[in-house]
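**Student:** Please work out how this folds:
(chains A and B)
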Amino acid sequence: MAEPILSTRGLSRHFGPLKAVDGVSLDIREGSITGLIGPNGAGKSTLFNLLTGALKPTAGTVTLAGRDVTGLPPDRLFALGLGRTFQIPRPFARMSVLENVMLAPLAQTGERLAGPFLSPGRVRAEEAAIRARALEVLDFVTLAPLADHPAGKISGGQMKLLELARILMGDPKLILLDEPAAGVNPTLTRTLIGKIEELNRAGKTFVIIEHDMDFVMRHCDPVIALAEGRVIFQGTAAEARANPDLLDAYLGAPAGD
Amino acid sequence: MIGLISYLVFFATVASILAIAVLGLNLQWGNTGLFNGGVVAFFGAGAYGTLILGSPALEGQLGGFELAYPLALTGGMVAAALLAWAVGALTLRLRHDYLAIATFGVAVAFESLMRNAEWLAGGAKGIRGFERPLRAALGDGFLYNLAFLGFVLCLLVAVYLFLERLVGSPFGRLLRAIREDEDAARSLGKRPARVRLVAFVTGSAIMGLAGGLYASFYAFVSPQDILPVLTFQIWAMLIVGGAGNNRGAIMGTVLIWGAWTGSGWALSRFAPIEAQLYTGSIQFVMIGAVIVGMLLWRPQGLFPERLVVSQSGRSN
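**Tutor:** Numbers count the residues shown, from 1 in each chain, chains lettered A, B, ... in the order given. Below you'll find the model as predicted:
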């Protein structure tokens, strides 16, 4: 097996006496669409926040593409090839859809205070290139017709597509999606899944947190399950379906009763 | 007639100076979402800085540098920028209302310092700065005021063009993104803390320029010029005009400053004798009512922010 693109060892985050994430060690295989499931309060969101740098771990390490990234802030992780979306979409509401996407490229000359004044030609050239690429990406996620709309006025599902478009501008190797199907109508969910699978075939790795078991079983492989802050299962979707511990955790009743 | 015209010139000069300060606040609040509740501190730093750097030696207080006017004005801006940098480095981690409280406190402390530190800038007596620039050539009359208005208008246009260019650039896009959602901006590789500080310092330097112009126009500044009400007036101008819109900021300044001076005149003329003592307070109430009313019924202002798509990227 190739070296995992993302791995954790003994990753823990405690809030006082509560061990929200407790000694999680896992490997995300490069090129996979890994599903991360677990009942409410299992620690999924905390784990996600640890992986994306939003929270710092109490203990343990995170390795991204062979590099120790434990405790790095989100901006550094994005620069290192890790993109994320949010459970409740976070568009820049009073900016156009296109501007939302054009923001994302790193190290823009025009993002420095003096940039637009000292090197206007370079800024203009960069902007033209960024704009062209942004329109391409918007086209890919089917949002091109909405390019000039305020991002706060599009539907929740479209916002999830917009978040995907934004991170694609940074060309990340690994994309973490937080409940991409939650609150999205079936048509847009199908669009989103189609795009995820297309990107995956082009070599991008996905980690998807999802509540919807059906979604995970159908589209993710492998599946990792958390309960009470610990990994209780790692394996294929088919194995997950047959696993008694998993049913137990989800249904709250011992298997076989 | 000539009296009216010269009054209009005076009015336009003060309004243009204030418009520069409002543009500075618009960069901070309208574009970046930084709630600066202490505008007068930076306005005051520019005013005092300019007069101290430009004035001849004065008995018992700081001064005697006698810098040329443009240098003194620049020095005032630098003073405001330095104050903003120090305040910003300490407080920009605070969000919204907390930042407002902290900066308001800074402004009160600044006024208190100026009122009490006689060795610094004359304390409550204020500082009589240097003679108005080019007075020898232009005299003290109408011609001088007209020339000074021209100078202020040039600077207003320069600040406006600078800011329009800035907010239409990728830097402006970054400011708006941070205003809208700082965590999302961070997840896209941006560094909000640094960008917020740059915007705060730049906006404050612009307020400092306004302060320097104000002080050199009157050739005098005292703690009475940097009372908290000025902060609220400047806020009212921005909110009425339209936060996020530079043209709106300028229009709002003219409207509010017109309403302020007009109401002052009307009250002094028509209010009953017993109420005359309180006209100042009535005006304070009116400014407060305008801010609250505007936020309730038209929070986007008379000239709302336009949805920008970075202009330099617009296809040709």
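**Student:** Need the nearest residue in space to B:Met114, chain neighbours excluded.
**Tutor:** B:Pro223 (5.0 Å; Cβ to Cβ, 6 or more residues apart in numbering or on different chains). Where you see a C-beta, it was placed from the backbone N, CA and C, and this is true even at glycine.
**Student:** In contact with the one you found, which residues?
**Tutor:** Residues near B:Pro223 by Cβ atoms under 8 Å, 6 or more residues apart in numbering or on different chains: B:Glu111, B:Met114, B:Arg115, B:Gly123, B:Ala124, B:Gly126.
**Student:** Return the residues of the stretch 151-300 of chain B in contact with chain A.
**Tutor:** B:165-166, B:168-171, B:173-174, B:176-177, B:179-181, B:183-191, B:198, B:202, B:244 (Cβ under 8 Å from any Cβ of the partner chain).
**Student:** Just the ones of those in helices?
**Tutor:** Within those, residues falling in helices by DSSP state H are B:165-166, B:170-171, B:173-174, B:176-177, B:179-180, B:183-187, B:198, B:202.
**Student:** what about the strands in the stretch 151-300 of chain B?
**Tutor:** B:220-221 (DSSP state E, counting those that start in this stretch).
**Student:** the helices in it, which residues?
**Tutor:** Using DSSP state H, counting those that start in this stretch, the helices of the stretch 151-300 of chain B run over residues B:170-180, B:182-187, B:192-218, B:228-241, B:246-270, B:279-297.
**Student:** what would these look like in a markdown table with mean neighbour count, mean pLDDT and distance to A:Ile28?
**Tutor:** Shown next, in a markdown table, are the helices of the stretch 151-300 of chain B (neighbours: other Cβ atoms under 10 Å in any protein chain shown; pLDDT from 0 to 100; distance: least, Cβ to Cβ, whole Å):
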| stretch | mean neighbour count | mean pLDDT | distance to A:Ile28 |
| --- | --- | --- | --- |
| helix B:170-180 | 25 | 95 | 29 |
| helix B:182-187 | 22 | 94 | 18 |
| helix B:192-218 | 25 | 95 | 28 |
| helix B:228-241 | 24 | 93 | 48 |
| helix B:246-270 | 18 | 91 | 47 |
| helix B:279-297 | 14 | 87 | 48 |
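**Student:** can I get the ones you listed in JSON lines with distance to A:Leu26?
**Tutor:** Compiled in JSON lines, these are given as follows (distance: least, Cβ to Cβ, whole Å):
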{"stretch": "helix B:170-180", "distance to A:Leu26": "32"}
{"stretch": "helix B:182-187", "distance to A:Leu26": "22"}
{"stretch": "helix B:192-218", "distance to A:Leu26": "30"}
{"stretch": "helix B:228-241", "distance to A:Leu26": "51"}
{"stretch": "helix B:246-270", "distance to A:Leu26": "51"}
{"stretch": "helix B:279-297", "distance to A:Leu26": "49"}
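**Student:** With A:Asp214 as the reference, name the closest of those helices.
**Tutor:** helix B:182-187 (28.0 Å; Cβ to Cβ).
**Student:** Now do that closest one: which elements does it pack against?
**Tutor:** Counting contacts by 3 or more Cβ pairs under 8 Å, 6 or more residues apart in numbering or on different chains; DSSP states H and E, helix B:182-187 packs against helix A:74-79, helix B:170-180, helix B:192-218.
**Student:** how about the ones you listed, which one is nearest B:Leu146?
**Tutor:** Using Cβ to Cβ, those put helix B:192-218 closest to B:Leu146, at 12.8 Å.
**Student:** Count the neighbours of residue 118 for me.
**Tutor:** Using chain A. 11 (other Cβ atoms under 10 Å in any protein chain shown).
**Student:** Let me rephrase: I mean chain B.
**Tutor:** 13.
**Student:** That one: what's it in contact with?
**Tutor:** Counting by Cβ under 8 Å, 6+ apart, the residues that B:Glu118 touches are B:Gly60, B:Gln61, B:Lys125.
**Student:** ok, the first one - contacts?
**Tutor:** By that I understand B:Gly60. B:Glu118, B:Trp119.
**Student:** 10 Å instead, please
**Tutor:** Contact analysis of B:Gly60 by Cβ atoms under 10 Å, 6 or more residues apart in numbering or on different chains lists B:Glu118, B:Trp119, B:Gly122, B:Gly123.
**Student:** what's the answer for the last one, then?
**Tutor:** Contact analysis of B:Lys125 by Cβ under 10 Å, 6+ apart lists B:Gln61, B:Arg115, B:Glu118, B:Ser222, B:Pro223.
**Student:** Over to the third one: give its phi and psi.
**Tutor:** Yep, that's B:Glu118 we're talking about. phi -60, psi -30 (degrees, to the nearest 10).
**Student:** Secondary structure class of A:Ala93, three-state.
**Tutor:** Classification of A:Ala93 by DSSP: H, G, I helix; E, B strand; the rest coil places it in coil.
**Student:** What about A:Pro4, how many residues nearby?
**Tutor:** Neighbour number of A:Pro4 under other Cβ under 10 Å is 18.
**Student:** err, A:Phe233, not the other one
**Tutor:** For A:Phe233, using other Cβ under 10 Å, the count is 18.
**Student:** List the strands paired with the helix or strand in which it is found, with their directions.
**Tutor:** Using DSSP states H and E, A:Phe233 sits within strand A:230-235. Paired strands of strand A:230-235, with direction, are strand A:223-227 (antiparallel) (DSSP bridges).
**Student:** mind checking how far the strand it pairs with is from the chain centre?
**Tutor:** Distance, stretch centre to chain centre, for strand A:223-227: 16 Å (Cα atoms, centre = their mean, to the nearest Å).
**Student:** I'd like the average pLDDT over that strand.
**Tutor:** Mean pLDDT, computed over strand A:223-227, is 90.
**Student:** tell me which residues of that strand are tucked away?
**Tutor:** Buried positions in strand A:223-227, judged by neighbour count with 16 or more other Cβ atoms under 10 Å in any protein chain shown: A:Val223, A:Ile224, A:Ala225, A:Leu226, A:Ala227.
**Student:** Quick check on B:Glu66: phi, psi?
**Tutor:** Dihedral angles for B:Glu66 - degrees, to the nearest 10 - are phi 50, psi 40.
**Student:** The closest residue to it other than its chain neighbours in helix, strand or coil?
**Tutor:** Leaving aside its sequence neighbours, B:Glu66 sits nearest to B:Pro56 (Cβ to Cβ, 6+ apart; 5.5 Å). Using three-state DSSP, the structure places B:Pro56 in coil.
**Student:** can you tell me which residues contact B:Pro56?
**Tutor:** Counting by Cβ under 10 Å, 6+ apart, B:Pro56 has contacts B:Gly63, B:Gly64, B:Phe65, B:Glu66, B:Gly129, B:Phe130, B:Glu131.
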